[in-house]
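Asks: Sequence first, then the predicted structure, then my questions.
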Amino acid sequence: MDRIKASHSERDDAGLTCLKGLTHSMVSRAKGSRHTCATTPEPVGDTVYLGSRSVSYTVPGSRGEHYTVTVMGTDGAGVSKPVESLEDMQISCECPDAERQHARSVGGRTSVCKHAAAVLTLLVDPEGDAVQAQIAAQRATRLAALPQDEKARLEYVLDSLSDRQVVDRLKTYMLQSPEAMGAVGAIFPADKYKGARAMECTRCGEEYDDNYPTVCRQAHPEDSVSIRTQNSKGTTFCCGVCGAKWYESQIYRYEEDDMDPEERPGYICWEGKHTQEPQEETGSEDEG
């Protein structure tokens, strides 16, 4: 199997590709599983499309199966410019755990399965820490050149306004001129922030957009929930599917339709990524 060509002048000892600017600390923060791969991923493909490098590896699973992991830089990241965070990368894996990690990649934090973490470890830039230090220094220099009173004013305004007020202001501003639309578009580039793609989850029935993942949740099945203890103050329930035990104050009968992730998180039996599969089993999935 041919070795992948390096994306820049530096290579690791095995001769594999490095993504410019990628560091071990980035990979460590993103790893969503405590497990590690016992074998080394094997490269199977390397392409550059529209300035972005896409690399693919096969990674053996713990039960003898093989999964394909694909890592692609967006907007040239890792090729023509350094990776500043894993938000610059599109990372996918075929294993079941990848769906759960993808569902957790919400709020600006990327979470990856153990197979993707093994691949990212191979792609770490030997000079990544130095590259990141240079990026930080350049960013600090640019910030220092800005008018400090204007910077302080904008920070104060953004901290003072509610999320809704900021969104409403951006929506109003971007309709004022093509230049304004372009300015807002630069904040939310199309390669990272896709347009609407509404679908209905066949598991939970909720509408979702897989470009902006939300979590699919399943309540404990009523016929699998039993009462362990109960008194005038509340009830301790037990689920025969996932084995969870939880206490509910002033609740004396379990009904799965009463599930509320905020008010009653104990009702959650399983959570993961929304699906279009017509029949997908709920409950805990074994990690590959």
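Replies: Here it is on my side, so go on. Residues are numbered from 1 along each chain as shown.

Asks: for the stretch 101-250 of the chain, which spans come out with low pLDDT?
Replies: The stretch 101-250 of the chain contains residues with pLDDT under 70 at 101-109, 191.

Asks: How far off centre is the helix or strand hosting Phe237?
Replies: Per DSSP states H and E: Phe237 is located in strand 234-239. Between the centre of strand 234-239 and the centre of its chain there are 33 Å (Cα atoms, centre = their mean, to the nearest Å).

Asks: That one packs against which elements?
Replies: strand 225-231, strand 245-249 (3 or more Cβ pairs under 8 Å, 6 or more residues apart in numbering; DSSP states H and E). Just so you know, the C-beta spots here come from the backbone N, C-alpha and C atoms, and that holds for glycine as well.

Asks: packing partners for the longest one?
Replies: Contacts of strand 225-231 with other secondary structure elements, assessed using 3+ Cβ pairs under 8 Å, 6+ apart, are made with strand 234-239.

Asks: just the last one next, same as before
Replies: Packing partners of strand 245-249 (3+ Cβ pairs under 8 Å, 6+ apart): strand 234-239.

Asks: Thr275 contacts Arg203, doesn't it?
Replies: Yes - the criterion here is Cβ atoms under 8 Å, and Thr275 meets it with Arg203 at 5.3 Å.

Asks: joint contacts of the two?
Replies: Listed as contacting both Thr275 and Arg203 by Cβ atoms under 8 Å, 6 or more residues apart in numbering are Cys216.

Asks: all strands for the stretch 1-150 of the chain, in order.
Replies: Assignment of strands within the stretch 1-150 of the chain using DSSP state E, counting those that start in this stretch yields the ranges 42-49, 52-60, 66-73, 89-93.

Asks: tell me how far the last one is from the chain's mean position?
Replies: The gap between the average C-alpha position of strand 89-93 and the chain average comes to 9 Å, counting by Cα atoms, centre = their mean.

Asks: Same check on the second one?
Replies: Here the centre of mass of C-alpha atoms in strand 52-60, compared against the chain's by Cα atoms, centre = their mean, lies 18 Å away.

Asks: what's the model's confidence in it, averaged?
Replies: Strand 52-60 shows a mean pLDDT of 84.

Asks: and that strand, which strands flank it?
Replies: strand 42-49 (antiparallel), strand 66-73 (antiparallel) (DSSP bridges).

Asks: closest to Met174 out of these?
Replies: Closest to Met174 of the strands paired with strand 52-60 is strand 66-73 (Cβ to Cβ; 27.2 Å).

Asks: wait, which of the strands of the stretch 1-150 of the chain is closest to Val225?
Replies: With Cβ to Cβ as the measure, strand 89-93 is the member of these nearest Val225 (33.2 Å).

Asks: just to revisit the earlier point, so which of the helices and strands packed on strand 234-239 comes closest to Lys31?
Replies: Nearest to Lys31 among the helices and strands packed on strand 234-239 is strand 245-249; the distance by Cβ to Cβ comes to 28.1 Å.

Asks: So which bits of the closest one are buried?
Replies: Residues of strand 245-249 classed as buried: 246, 248 (neighbour count, 16 or more other Cβ atoms under 10 Å).

Asks: got it, and stretch 114-127?
Replies: 114-125, 127.

Asks: Distance from the biggest helix by length in the chain to the middle of the chain?
Replies: When the chain is parsed with DSSP state H, its longest helix is helix 128-145. Its chain's average C-alpha position is 25 Å from that of helix 128-145, according to Cα atoms, centre = their mean.

Asks: What lies in contact with that helix?
Replies: The contact list for helix 128-145, computed with Cβ under 8 Å, 6+ apart, reads 20-26, 82, 84, 125, 151.
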